[in-house]
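[1] Would you be able to build a 3D model of this:
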Amino acid sequence: MLIENITMEEFRLAVAGHKPLVIPYGTVEAHGTHLPLGTDTMIVMAVLTEVAKRLDIMVAPPVNYGVCTSTAMHPGTIGITPSTLRALTTDLVCHGYEHGVREFILISGHGGGLHLSAMREASEALIRRLNDVKIAVLTLYEILPEEARSLVETPDDSHAGELETSLILHLSEHLVRGRAGEEYPALPEYIVVRDKPRYWPGAVWGNPQRATEKKGERIFKFMVESVEEFIRRFRSFSP
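    Predicted structure coming up:
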């Protein structure tokens, strides 16, 4: 169930039934000249909406903003700091806990390192603070099976490339504005630079030209199945 669509009584009954709360994380972030800024959020919400039809879970409205470092200066990216994401994660879990939720699954459609670190740092503190809580933190892509990855022809495809473009073609083709060209960031190794667009002007990491709706359909199916399987394992796990 999507909790924004239910009543407070339905929420109370869901908590009484020990349903886990799944919190999606996305971004408002540049994804080339061809994909919408909400790409990460759109993908994770589409996956969880489908999973919620298969499993007895509660899905929260998404956290639409994330920690974006490499794309921070690209047009359209609106990010938050790691401390803000840690605080937001802490508040969401604590308030859910106050209402009786004991199982939380935090799933991100964005794979940025500092973004995930903030989610995990907050969760580490929460499991020390709340003795009977169970929390998982993951991205859609960490649990994607090799069979799904083999559909992507572009080596080192990562951001707004073949995979993400294929998924948006499948989910919302009308939002895809043509195809940006193949691109990879040329950021200097180990050096923290201010003007990242100078080294990565198009905000594409991969080759969108190889994207197809059919690939997106198959990858989406794998994503739904892998998230469903993970949630089943999580629910049976005793910390």
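
[2] Which residue is the nearest non-sequential neighbour of the residue most central in space within the chain?
    In the chain, the centroid-proximal residue (C-alpha atoms, centre = their mean) is residue 109; its distance is 1.5 Å. Nearest-residue entry for residue 109: residue 44, 3.2 Å, with adjacent residues in sequence omitted and distances by C-beta to C-beta, 6 or more residues apart in numbering. For glycine as for every other residue, the C-beta is placed from the backbone atoms N, C-alpha and C.

[3] which stretches of this protein form helices?
    Per DSSP state H, the chain carries helices over the ranges 8-16, 39-51, 82-98, 113-129, 146-149, 162-172, 196-199, 213-236.

[4] State the mean pLDDT of the fifth one.
    Put plainly, it is helix 146-149. Helix 146-149 shows a mean pLDDT of 95 in the predicted model.

[5] One more: the longest one?
    Averaged across helix 213-236, pLDDT comes to 98.

[6] Flag the shaky bits of this structure, pLDDT-wise.
    Residues of the chain meeting the criterion pLDDT under 70: none.

[7] quick revisit: ok, the residue nearest to residue 109 touching residue 63?
    No. When contacts are counted by C-beta atoms under 8 Å, residue 44 is not listed as touching residue 63 (9.9 Å).

[8] Find residues that contact each of those two.
    24, 25, 26 (C-beta atoms under 8 Å, 6 or more residues apart in numbering).

[9] Take those and write them to CSV, including neighbour count and distance to residue 102.
    Listed next are the shared contacts of residue 44 and residue 63 as CSV, based on neighbours: other C-beta atoms under 10 Å; distance: C-beta to C-beta, whole Å:
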residue, neighbour count, distance to residue 102
24, 25, 19
25, 27, 20
26, 23, 25
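
[10] Closest one to residue 139 out of those, please.
    residue 25 (8.7 Å; C-beta to C-beta).

[11] Now do that closest one against residue 132, distance only.
    From residue 25 across to residue 132, the span is 24 Å (C-beta to C-beta, to the nearest Å).
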